[in-house]
Each structure stands twice: as C-alpha cells, then as structure tokens.
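K.L.:
quick check, what structure comes out for this input:
(chains A and B)
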Amino acid sequence: DTEVTQTPKHLVMGMTNKKSLKCEQHMGHRAMYWYKQKAKKPPELMFVYSYEKLSINESVPSRFSPECPNSSLLNLHLHALQPEDSALYLCASSRFGYTDTQYFGPGTRLTVL
Amino acid sequence: DAKTTQPPSMDCAEGRAANLPCNHSTISGNEYVYWYRQIHSQGPQYIIHGLKNNETNEMASLIITEDRKSSTLILPHATLRDTAVYYCIVNTGNQFYFGTGTSLTVIP
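P.N.:
Down below sits the predicted model:
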C-alpha cells in the first residue's frame, strides 16, 4: 500500500481566512513533505519533516505554518494568504528521508480570492 | 540551477514505444535519477529510479548512459492512459531536483 491521502480536495478561501490542509499516510514512513505546484510548473519543495522534526524549510513565508502531530499526520496551516498562493499543494512521504522514493498524495487545489 | 533538462513535449503513437530523454550532465556519482509522471492535476506517480545500471519494472525501463550524463525512460507499449507530464529528477540525497517535465501525448 503506497497511499497518501489529502483533505480537502479543493479549498476556496479569502485573504483573511484561516484554514488547514491535512495529509495522512499509514505506511510507517518517517519523512513527510509539503510541495507547492503552480500551473505548468514542477512541484517546489516547501517543508520537510523527518522523524516529526522540521528539517528543511525552503524560506517559505510565515503565512504557511506546518505541523507534524505524529509520524502519520502532516498539517499545513494557512493564514492571510495572497491570491498568488493559489496552487496545487502536494504532500509526499518516504520511508526515511531524501534517499528514499517519495510517494505523493493527490493534492489539494487551493484558490485564494 | 537546473540539474536536468527535458524536451517540453513529445507525441507517441498508441502501441509503440515511447522514449523520453533527459540530460543530467552535472550529476554526481552517488546521485540517483528518478522518473515520475503526473496525469492532469493529480499527484506525481513514481515510475522508476536508478544509479548506474539499467533498470526495468512493470511500468517502464530506465536506460542510463555509461557516463551517467543522460538517461532515457522507455514505455514499451504506450497506451492512451500514459498521456501525462513526465518528470526526470536528480535525487542528491538532500533534495529532489525536478526537471521542467516532458508532456507526452499518446495518439490513437
């Protein structure tokens, strides 16, 4: 089973809203990732958690706040976003870290009005 | 700083082999080449990866040149469901470096 689930599938929010994206995996993987993907571009890495600790933050604006409550769950808290933050947000996991194959979820399509 | 370069688009007739090239001329000795594909607005799907030797699985074959500066992903009998964007990625052990992708269209 190589399934990573993400909720919601679609999200529309205003610039003053606070919302959260959720990602879950039950493969026993110890590394989890958030990527942002704009139309017709490859995914861009935002955050990496390894063994539930944030190990890489690719200089993402503070309006994006990740959280890893346990090894199976990854959240991305959103606050005061801008319209240019509209994108597909992808979650991925791998067994131990970057040396391993990453498995991606289906993504959350975010629209900021 | 792009670690991989790929043609932006390719066509392939249904039932024929699709050969997708990738250049990674600055790859280091311990860095892996990965291939993923992404069907419209879905999450990227893992296909195959390799270091030096050619690799084959149920989805595809990966041919890596002896100098490791380029590779080719081969889908042996392309179907309409193989229409997707194919990403060649260099995994440095610290990060996945995505190429810009090749949009493959399989034509009936």
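K.L.:
residue 105: how many residues sit nearby?
P.N.:
Reading this off chain A. 24 (other C-beta atoms under 10 Å in any protein chain shown). Where you see a C-beta, it was placed from the backbone N, CA and C, and this is true even at glycine.
K.L.:
other chain: chain B
P.N.:
When counting by other C-beta under 10 Å, one arrives at 14 neighbours for B:Thr105.
K.L.:
check for me that it belongs to a strand.
P.N.:
Yes: read with DSSP: H, G, I helix; E, B strand; the rest coil, B:Thr105 is one of the residues of a strand.
K.L.:
okay, it: pLDDT?
P.N.:
Looking at B:Thr105, its pLDDT is 98.
K.L.:
with B:Asp1 instead?
P.N.:
60.
K.L.:
before we move on, what about A:Leu90?
P.N.:
Note on A:Leu90: pLDDT of 98.
K.L.:
strands paired with the helix or strand bottoming out on mean pLDDT in chain A, and their directions?
P.N.:
Using mean pLDDT, DSSP states H and E, strand A:53-57 stands out as the lowest-scoring helix or strand of chain A, at a mean of 86. Here strand A:53-57 has these sheet partners by DSSP bridges: strand A:44-50 (antiparallel).
K.L.:
if I look at the residue nearest to A:Val60 when sequence neighbours are not counted, how far off is chain B?
P.N.:
Spatial nearest neighbour of A:Val60, excluding adjacent residues (C-beta to C-beta, 6 or more residues apart in numbering or on different chains): A:Met46 at 4.9 Å. Separation of A:Met46 from chain B (C-beta to the nearest C-beta, to the nearest Å) stands at 12 Å.
K.L.:
related to what we said a few turns ago, strand partners of the next helix or strand after the least confident helix or strand of chain A, parallel vs antiparallel please.
P.N.:
Remark: after strand A:53-57, the chain's next helix or strand is strand A:64-70, criterion DSSP states H and E. Counting by DSSP bridges, the strands paired with strand A:64-70 are strand A:73-79 (antiparallel).
K.L.:
what lies in contact with the strand it pairs with?
P.N.:
A:13, A:17-24, A:32, A:34, A:46-47, A:49, A:63-69, A:85, A:89, A:91, A:110 (C-beta atoms under 8 Å, 6 or more residues apart in numbering or on different chains).
K.L.:
recalculate using a threshold of 6 Å.
P.N.:
Under the contact criterion C-beta atoms under 6 Å, 6 or more residues apart in numbering or on different chains, strand A:73-79 has outside partners A:18-24, A:32, A:34, A:63, A:65-68, A:91.
K.L.:
run a quick neighbour tally on the residue nearest to A:Val60.
P.N.:
Neighbours of A:Met46 using other C-beta under 10 Å come to 20.
K.L.:
tell me the pLDDT at it?
P.N.:
So, for A:Met46, pLDDT stands at 95.
K.L.:
is it in contact with A:Asn57, as I believe?
P.N.:
No: applying C-beta atoms under 6 Å as the test, A:Met46 and A:Asn57 come out as separate, 7.7 Å apart.
K.L.:
show me which residues of stretch A:27-41 are buried.
P.N.:
Judged by neighbour count using 16 or more other C-beta atoms under 10 Å in any protein chain shown, the buried positions of stretch A:27-41 are A:29-37.
K.L.:
just stretch A:13-29 next, same as before
P.N.:
Neighbour-count burial for stretch A:13-29 flags A:13, A:19, A:21-25, A:29 (criterion: 16+ other C-beta under 10 Å).
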